[in-house]
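[1] sequence and predicted structure, then a few things I'm wondering about:
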Amino acid sequence: MHTTSPVSPREAVAALPAYSAGKPPKAAEGYTPYKLSSNENPWGPAPAAAQAVRDVTTLHRYPNPGAEQLRAALAEHLAVPFEDIVTGAGSLGALTQLISAFAGTGSDGQQDEVIYAWRSFEAYPIVVRTAGAQDVPVPVMDDGRHNLEAMTAAISDRTRVILLCTPNNPTGPALSHQEVTDFLATVPSHVVVVIDEAYLEFVRSDDPVDALALYREHPNVVVLRTFSKAHGLAGLRVGYAIGQPAVTEHLRKVAVPFAVSAVAEAAAIASLEHLDEVNQRVESIVQERERVVAALSQAGWAIPETQANFVWLPLGAGAVDFAQAAGAQALAVRPFDGEGVRVTIGEPEANDRFIELCRTYSGGPGVS
C-alpha cells in the first residue's frame, strides 16, 4: 500500500510536459491495424542490417564506448573528420548531450536561452528545461514553416542555442539552403545553431539544405542525424551529431557512456554499407507521400508542403476527433490537441484507408 511521499523532483522537472509517443493501433473488426503515429519506416531496415543484429555474439561485453567503428564508417561516408562525429541514443540522445553542454543555468543564477520554432519536435522543451535553460518558442507561420525573421528577433544576450528542425516535425516543410545561409548571417558566432535533420533523406525540394557545407563554413553549426527513420532502425536508437572540434570536444564530456549498443552499432554500419537498399525504401515512401498529398489536395484539404515521411492536417480543435475517427478504422495517428494531426506515410493499404477517411470525414473540407 502506497503512502504519501515527501519526495519531490526539482521544480523544473515537476513542471515539465510529458513526452507523448505515438500510440499503437487498436483492433477494429474488419480492419487490418496500421500504426501511422510515430513516423516509422514501414519497410524496416535493409536485410543486411537485420542480419548484423542476429550476428552479434558479444552481448556479455560492453559496446565500444564512443561507437568508434560507426564513427569511422560515418566519417568515410560523409567525408568529415572522425573527431567531428559524436554518437548518441538516437538524434534525441545527441541533442540532449548538446543542450547539456551548451545551455543551462549560469553561476550567476541566470538561465541560458534556447530558441526553437513551435510547433516543432515535442522533446525540445523537455530537453531544454531539464538542462535548466529557458526555452524560447517562436510560433511557426500559418503554412507550418519556421519564421526565421522572428527567430532572429528573439535572439538576446542570453541566447546560447538555436534549433532548426528541417523538415519540421510535425508540420512537414523543409528550410532551403539559402534561407539557412541568410539566417546564419544574423546569428552571433558564439550561439550554437543546430540543424536537426532527422528526415533528411525524404527531402526532394529545389534548394535542400547542405548542412555539411554549413558546418564546415561555420564553427557554431552542429548537424543532427539519425538511423531511426530512413534506415528503419528506430528500435535500436542510433543517432549522431556533426560539428567542429570546438563543439564536439564538449559533447564527448557529457555523452552517456555506451549509449549506442553493440547491436545498434553493427546494424548501423551494415545499413551504411547497403545504402542502395535504404534509398529504395525511402524512394517508395516518397512516392507514396506524393500520392497521398495529391489525393488530399484533390479532396480539398489545404495542408503544409511536406518534405518528410508524414503529412500534417491543421485541424485545430478537431484534432482529437479525427484521431478517434481514424482509430475506429484501426489507424493510429498522432493528434496534437487543439492544433492538428500528424499522419505517417505507411503501407499503401494504410495510406488508402487514410485517404478515404479524409474524403469522408465530417469535419473535413467540403463535407457536411
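    Right, received. Where do you want to start?

[2] now the nearest residue to Arg204 once chain neighbours are set aside: phi and psi?
    Excluding the flanking residues, the one nearest Arg204 by Cβ to Cβ, 6 or more residues apart in numbering is Val286, at 6.2 Å. For glycine as for every other residue, the C-beta is placed from the backbone atoms N, C-alpha and C. Here is the backbone geometry of Val286 (degrees, to the nearest 10): phi -60, psi -40.

[3] residues near Val286, how many?
    Val286 is flanked by 18 other residues according to other Cβ atoms under 10 Å.

[4] list of residues touching the helix or strand of the chain with the lowest mean pLDDT?
    Least confident helix or strand of the chain, by mean pLDDT, DSSP states H and E, is helix 11-14 with a mean of 75. For helix 11-14, the external contacting residues (Cβ atoms under 8 Å, 6 or more residues apart in numbering) are Ser8, Arg129, Thr130, Gly132.

[5] helices and strands around the helix or strand following it, which ones?
    Going down the chain from helix 11-14, the next helix or strand is strand 34-35, by DSSP states H and E. Using 3 or more Cβ pairs under 8 Å, 6 or more residues apart in numbering; DSSP states H and E, the elements in contact with strand 34-35 are strand 331-332, helix 348-360.

[6] and the next helix or strand past the shortest one?
    Translated: strand 331-332. Next helix or strand after strand 331-332 toward the C-terminus (DSSP H and E): strand 334-336.

[7] quick one: contacts of the strand or helix carrying Glu149?
    Glu149 belongs to helix 148-153 when assigned by DSSP H and E. Outside helix 148-153, the residues that touch it by Cβ under 8 Å, 6+ apart are Ile115, Ala117, Val138, Pro139, Ile162, Leu175, Glu179, Asp182, Phe183, Thr186, Val187.

[8] and the fourth one, how many neighbours does it have?
    Same thing as Pro139. Burial measure for Pro139: 11 neighbouring residues, criterion other Cβ under 10 Å.

[9] excluding its backbone neighbours, what's nearest it?
    Per Cβ to Cβ, 6+ apart, closest to Pro139 is Trp118, 6.0 Å.

[10] pretty sure the one you found is touching Val136, no?
    No: in terms of Cβ atoms under 8 Å, Trp118 does not count as a neighbour of Val136; the distance is 9.3 Å.
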